[in-house]
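Peer 1: The sequence and its predicted three-dimensional model are supplied below.
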2 protein chains.
Amino acid sequence: MSDLVPVLKSLKKAQAVLALQTRREKDAALLAAASAIDRDRAAILAANAADVEQARAGGMKDALIDRLLLNNPRVDAIIEGIETVVRLEDPVGKVRSGWKTPNGLCIEQIAVPLGVAAIIYESRPNVTADAFSLAYKAGCAILLRGSSAALASNRALTAAIKAGLETAGIPGALELAGSGNRDEVDEILTARGYIDVVLPRGGRDLIRRVVENARVPVIETGEGNCHIYVDPGADMDAAAAIIENAKLQKPGACNAVETLLIHREALSSLLPVVAERLAGKAELRCDAASKAVIMGAGRAVPPGLTVQDAGEEDWSTEFLDYILAVKTVHSLDEAIDHINRYGSGHSEAILTNDLRAAETFCRRVDAACVYTNASTRFTDGAEFGFGAELGISTQKFHARGPMGLEALTTVKYRITGSGQIRE
Amino acid sequence: MSDLVPVLKSLKKAQAVLALQTRREKDAALLAAASAIDRDRAAILAANAADVEQARAGGMKDALIDRLLLNNPRVDAIIEGIETVVRLEDPVGKVRSGWKTPNGLCIEQIAVPLGVAAIIYESRPNVTADAFSLAYKAGCAILLRGSSAALASNRALTAAIKAGLETAGIPGALELAGSGNRDEVDEILTARGYIDVVLPRGGRDLIRRVVENARVPVIETGEGNCHIYVDPGADMDAAAAIIENAKLQKPGACNAVETLLIHREALSSLLPVVAERLAGKAELRCDAASKAVIMGAGRAVPPGLTVQDAGEEDWSTEFLDYILAVKTVHSLDEAIDHINRYGSGHSEAILTNDLRAAETFCRRVDAACVYTNASTRFTDGAEFGFGAELGISTQKFHARGPMGLEALTTVKYRITGSGQIRE
């Protein structure tokens, strides 16, 4: 704890001041931070170039280099992201409910900032600005713990934001955890009394580390093993378009579909169309019945189509790749049971024209987002209208699904009396 | 984990069924459970008599024996408690918010049961029925882990409830953790994937154990080091009545006042009246300035009054006793700083007629419940109108303040489309 304690104390102090600011004050500070990023663009890009060079020298893969890389359009996007947060309503001070008790007490439940947040994230430097701006708008101070690969970029971004806040805001409301060593993560996870929530954004290793070590509240933004179930009465053309979109539009996203569940009565009308759309683009991993529909005797296999036999492990794998597992089910119940067994509670869809099936699916499937007749790819803060996004919670506690500003608030009861005592 | 796993699996299965029940079905089950408790009253009282006898033989103190004891009026109160829960609105299925996105998706945020809850509690057997009935109404299964001292009582109560649910309900929705050994607590605290929330209700030892070992979400129902601050402009007679109420009405409650902060300009008008009211009933622990007002040369000390010198440790002590610490402050800011430093985030009150002081106090004091001109004793689920109470959360995450049914819910997003795909 020793290194971080002074930093955390100063964040806590800054947060107490930030908590009392009006929306106007917070928006002015955010705009000043955005301007400072624009002004310091050259320094930010130079720092990022150094990070990228070092990462390349260290043998980082191209896909990861791309996540790390900043350029002028990406800096523009960072600035626009902050401007989006400026346009969001202030979540603080909202009276969520209120009532009078029989003895005349007025009780109001009011949204207040959660306090000091910490985010642990990988090499995307845009998260630095996104997380800061959402936290600031929600009246929370934030400790940013990026990866060592992005340290120079994050330092330059944080310096620009702090410089902006010097002119109109509270520069102490953000701090970059600097050492880059892994012990620092444990320090953050155990900082009881200083940190009110930790948002880990990363792979399985980080999540496991968090589960094992966290002594402060955590919101898990875990994996998405998402399913689409197709009911016999579905519009099969629309279904095929949705499946293609959910698989191909961004396979690396947590809301991409991983397993397609097809009612056996829909197999022959749906699967050939899906195979046609995915041929040459994604591999299918099929159970026997679905494979037979595509590859069986007398079938015209679409050119370029790859079909493998699905194994048990495919049902529980988040491929994050151009791979789609396909399973035949005999009933809606079987589909729901499969999803509740193998799913990760992220995003699940039914494609159907049967009202009762849609209703049953929505009620029984245990997930953050349950869709009827739409692509799972919509599980996203921006798509939901929350502006920027802190991540997608796959836990049920405190926040579930795409997290916007509200996830960074808690409540306070304000009770106003006129001398009431308890009988 | 080995012993509890089958129990937890069966609770999870029962919860999946309970989650889909209508309010009418759940209310009928609760009434059947209440009737069964009434019917099995003799067996419950006999089991409790055995617990009490054993506790007496083991040297349990009278105050604790009283907490353990059941009699006919207390069984009546248990039954009435269940009937109160029947009258509460069903929290499940409530659409908390909903909107349409530009592309025509309808997004609804719907309250759903949190899942499987576990409660770890001490010897009051009424908690068994209270916790069960709230959980059941919220669609949650519950694992009840009472103290070994109340094991026979809790077994009899649980058996009656289960018998009632056999006729109209889901008897698998509650289970009593039976072994009574302390390892069981650790098993509960680490049952990831089985338990969605643990509610520890107990002393510091339990809370410390929970903080150290919990790997499942916890709602801390911690201590209440509550303050009343008296501003110069307050109505001093009303203030004295509120202070007396908050200290004497139930000193063992977590919402009783422990420290009185008095603005120096209010000292001489308030403190003699307070001393008069508390003389012979509660001990005062005073700082020098407040002591001088009561005991100084020429003062008439009320008969029976005990005054000690306050030490630093008194500011951070939850006495839960007929003791009131008294401190003089020079400003509202000093009072707020003292509360935010020493308070436990439970219930804090300002007594004032100054609107700006009330507003500043409410905004700056960081606590679950902030009062203006009323006794802190109102922080209570029943007083708030929540029916029975699961406890009072002193954490900011997921639930804060008195917890009713809503604390046992989470949300699910239901997204209804007509073929939407993401561009």
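Peer 2: Everything's here; your move.

Peer 1: what about stretch A:412-423, distance to the chain center?
Peer 2: Counting by CA atoms, centre = their mean, to the nearest Å, stretch A:412-423 is centred 40 Å from the centre of its parent chain.

Peer 1: Kindly report the same for stretch A:277-289.
Peer 2: With CA atoms, centre = their mean, you get 28 Å for stretch A:277-289.

Peer 1: can you tell me if it touches chain B.
Peer 2: No: against chain B, stretch A:277-289 shows no contacts by CB under 8 Å from any CB of the partner chain, the least distance being 11.8 Å. Every C-beta, even on glycine, is put in place using the N, C-alpha and C of the backbone.

Peer 1: Then stretch A:386-406?
Peer 2: Yes: interface with chain B: stretch A:386-406 contributes A:395, A:396, A:397, A:398, A:400, A:401, A:402 (CB under 8 Å from any CB).

Peer 1: Among the residues you listed, which pair sits farthest apart?
Peer 2: Taking CB to CB, the two most distant members of the residues of stretch A:386-406 next to chain B are A:397 and A:402; they sit 15.9 Å apart.

Peer 1: which of these two has more neighbours?
Peer 2: residue A:402 (27 against 22; other CB atoms under 10 Å in any protein chain shown).

Peer 1: Okay, and the beta partners of the more buried one?
Peer 2: As for beta bridges, residue A:402 partners with residue A:392 under DSSP bridges.

Peer 1: State the distance from residue A:87 to residue A:133.
Peer 2: Separation of residue A:87 from residue A:133 (CB to CB, to the nearest Å) stands at 11 Å.

Peer 1: Quick check: which ranges of the stretch 151-300 of chain A have low pLDDT?
Peer 2: A:179-182 (pLDDT under 70).

Peer 1: what does it put close to chain B?
Peer 2: Residues of the stretch 151-300 of chain A lying near chain B (CB under 8 Å from any CB): A:192, A:196-197, A:211-212, A:215, A:217, A:235, A:238, A:241-242, A:244-246, A:249.

Peer 1: ok, 10 Å please
Peer 2: A:192, A:196-197, A:211-212, A:214-219, A:235, A:237-239, A:241-246, A:249-250, A:253, A:255 (CB under 10 Å from any CB of the partner chain).

Peer 1: Take those residues and keep only those in strands.
Peer 2: Of those, the ones assigned to strands by DSSP state E are residue A:197.

Peer 1: In ChimeraX, select just the buried ones from the residues of the stretch 151-300 of chain A next to chain B.
Peer 2: Of these, the buried ones go into a single ChimeraX selection, burial set by 16 or more other CB atoms under 10 Å in any protein chain shown:
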select /A:196,197,214,215,216,217,218,219,235,238,239,241,242,243,244,245,246,253,255
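
Peer 1: need the contact list for residue A:170.
Peer 2: Going by CB atoms under 10 Å, 6 or more residues apart in numbering or on different chains, residue A:170 touches A:13, A:14, A:15, A:17, A:18, A:21, A:25, A:26, A:29, A:136, A:141, A:162.

Peer 1: cutoff 6 Å now
Peer 2: Contact analysis of residue A:170 by CB atoms under 6 Å, 6 or more residues apart in numbering or on different chains lists A:14, A:17, A:18.

Peer 1: likewise residue A:396?
Peer 2: B:114, B:196, B:410.

Peer 1: switch to 8 Å and redo it
Peer 2: Residues counted as contacts of residue A:396 (CB atoms under 8 Å, 6 or more residues apart in numbering or on different chains) are A:345, B:114, B:115, B:196, B:410.

Peer 1: In three-state terms, label it for me.
Peer 2: coil (DSSP: H, G, I helix; E, B strand; the rest coil).

Peer 1: Contacts only, for the closest residue to it other than its chain neighbours.
Peer 2: The shortest distance from residue A:396 to any non-neighbouring residue, by CB to CB, 6 or more residues apart in numbering or on different chains, is to residue B:410 (4.1 Å). Residue B:410 is in contact with A:396, A:397, A:400, B:111, B:112, B:113, B:114, B:115, counting by CB under 8 Å, 6+ apart.

Peer 1: can you tell me the helix or strand for residue B:410?
Peer 2: For residue B:410, the element it lies in under DSSP states H and E is strand B:409-420.

Peer 1: So what are the sheet partners of that strand and their directions?
Peer 2: When DSSP bridges is applied, strand B:409-420 pairs with strand A:369-374 (parallel), strand B:106-113 (antiparallel).

Peer 1: What about the contacts of residue B:410, which one has the most neighbours?
Peer 2: Highest count within these by other CB under 10 Å belongs to residue B:113, 30 neighbours.
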